[in-house]
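Colleague: Have a look; sequence and predicted model below, questions after that.
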Amino acid sequence: MFDLARLRLLRELAHRGTMTAVGAALGQTSSAVSQQLAILEREARAKLLERVGRRVRLTAEGERLALHADAILQAVVAAEQDLKGAKEKPKGVLEVCCFPTFAKARLLPAIARARARYPELRVVIHEQESADAIAAVRDGRCHLAISFAYSLAPQPDVPGLVSHPLIDEPVVLALPKRWRRERQPIALKRLAREDWIIGSRQTDDRQLAERACALAGFAPRMIHTIDDYDLMLRMVAAGLGVGFVPELALGFSDTRAVVLRTPNGVPPLRRRIHALTRSTIAASPMVRALLSELR
């Protein structure tokens, strides 16, 4: 059976590149690191390291074991957190990166409920769009990221992060009042000559418009780029263009001045919202407490 401390040394060597760097990170000498890895080779009955000049690098077998080591060590931490979480009440600071629409609609009420149940839990919010939020969690600058992806612009899984589904909502068309006599659904191809309003912060909104309109047989004329759905709906009401709006965003604006319709001629447009956290803290009491309220 492999020793966890030696597996940790191998994983760190895979990440840091040199025994000196591993030793400095873990408070050991490079000689001590080398000796422990030599014992690990004997335990594995395989050559894990090879010398290249004055340095060493992992062999193919070493790289394979390093991948297993990472999974094993994460599983150990997760087990410890799970057992610890079953006994402890949530307390401490939980940092959450979230985009504004979800923060207003769901996160703030969830925090209020969580704080009422757990007075020692403190949640700190950082406004971030999806890509930046995920990067912050991956780099350890944040505990929980609230991110979204459109059905026509899916995002790949992020290694090392656990995803918790929260919302699957429809995306609708926002149109000026001159469309009010039109019943839904509206064929998207009828909007080929309209000006389009899209988001300005990240590429997802542009991809959604481009891909949906391409399926309808045209390229959208994207004129305006904004970063606030209330402003977007006001611009639509003023006749400056049309655009896609997730259902969640409609709860904070007066929609009486616009026409909301389901687009036709394309697959159903959806926005899926997830909470992501590092697998090593997914079972922590703080994360579990907030997720239970968000769900």
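Modeller: All right, it came through fine.
Colleague: Could you use CA atoms for every contact and neighbour count after this?
Modeller: Fine.
Colleague: what about the nearest residue to residue 293 once chain neighbours are set aside, which helix or strand?
Modeller: Leaving aside its sequence neighbours, residue 293 sits nearest to residue 110 (C-alpha to C-alpha, 6 or more residues apart in numbering; 5.1 Å). Taking DSSP states H and E as the definition, one finds residue 110 inside helix 108-117.
Colleague: Let me know the average pLDDT across that helix.
Modeller: Here helix 108-117 scores 94 as its mean pLDDT.
Colleague: From the chain's centre, how far out is that helix? Work that out for me.
Modeller: 22 Å (C-alpha atoms, centre = their mean, to the nearest Å).
Colleague: Show me what that helix is packed against.
Modeller: If contacts are counted by 3 or more C-alpha pairs under 8 Å, 6 or more residues apart in numbering; DSSP states H and E, helix 108-117 sits against strand 121-127, helix 285-294.
Colleague: got the angle between the last one and helix 108-117?
Modeller: Read it as helix 285-294. 120 degrees (axes from the mean of the first three to the mean of the last three C-alpha atoms, to 10 degrees).
Colleague: go on, the first one?
Modeller: Between strand 121-127 and helix 108-117, the angle formed by their directions is 160 degrees, by the same axes, to 10 degrees.
Colleague: Just checking: what are the partner strands of strand 121-127?
Modeller: strand 92-98 (parallel) (DSSP bridges).
Colleague: Helix or strand with the lowest mean pLDDT in this structure?
Modeller: Scoring the helices and strands of the chain by mean pLDDT, DSSP states H and E places helix 60-87 at the bottom, with a mean of 72.
Colleague: Partner strands of the strand ranked longest in the chain and their direction?
Modeller: Identified as the longest strand of the chain according to DSSP state E is strand 161-175. Here strand 161-175 is paired, per DSSP bridges, with strand 243-246 (antiparallel), strand 259-261 (antiparallel), strand 270-278 (antiparallel).
Colleague: May I see the buried residues of it?
Modeller: Buried residues in strand 161-175, counted by 16 or more other C-alpha atoms under 10 Å: 161, 162, 163, 166, 167, 168, 170, 171, 172, 173, 174, 175.
Colleague: Pick the most deeply packed of the helices and strands packed on helix 108-117.
Modeller: Among the helices and strands packed on helix 108-117, the stretch with the highest mean neighbour count (mean count of other C-alpha atoms under 10 Å) is helix 285-294, at a mean of 19.
Colleague: Who are the packing partners of that one?
Modeller: Helix 285-294 packs on helix 60-87, strand 92-98, helix 108-117, going by 3+ C-alpha pairs under 8 Å, 6+ apart.
Colleague: How far off centre is it?
Modeller: The answer for helix 285-294 is 16 Å, by C-alpha atoms, centre = their mean.
Colleague: contact partners of it?
Modeller: For helix 285-294, contacts defined as C-alpha atoms under 8 Å, 6 or more residues apart in numbering pick out 81, 85-86, 88-92, 94, 106-107, 110-111, 113-114, 121, 143-144, 166, 281-282.
Colleague: What's the mean pLDDT across that helix?
Modeller: For helix 285-294, the mean pLDDT works out to 93.
Colleague: Output it as PDB, nothing but the C-alphas.
Modeller: Output in PDB follows, covering the C-alpha atoms of helix 285-294 (Å, rounded to 0.1, in the frame of the first residue of the first chain):
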ATOM      1  CA  PRO A 285     -20.100  22.700   6.300                       C
ATOM      2  CA  MET A 286     -20.000  26.200   4.900                       C
ATOM      3  CA  VAL A 287     -20.400  25.200   1.200                       C
ATOM      4  CA  ARG A 288     -23.100  22.700   2.000                       C
ATOM      5  CA  ALA A 289     -25.100  25.200   4.100                       C
ATOM      6  CA  LEU A 290     -25.200  27.800   1.300                       C
ATOM      7  CA  LEU A 291     -25.800  25.300  -1.400                       C
ATOM      8  CA  SER A 292     -28.800  23.900   0.500                       C
ATOM      9  CA  GLU A 293     -30.300  27.400   0.500                       C
ATOM     10  CA  LEU A 294     -29.500  28.100  -3.100                       C
END
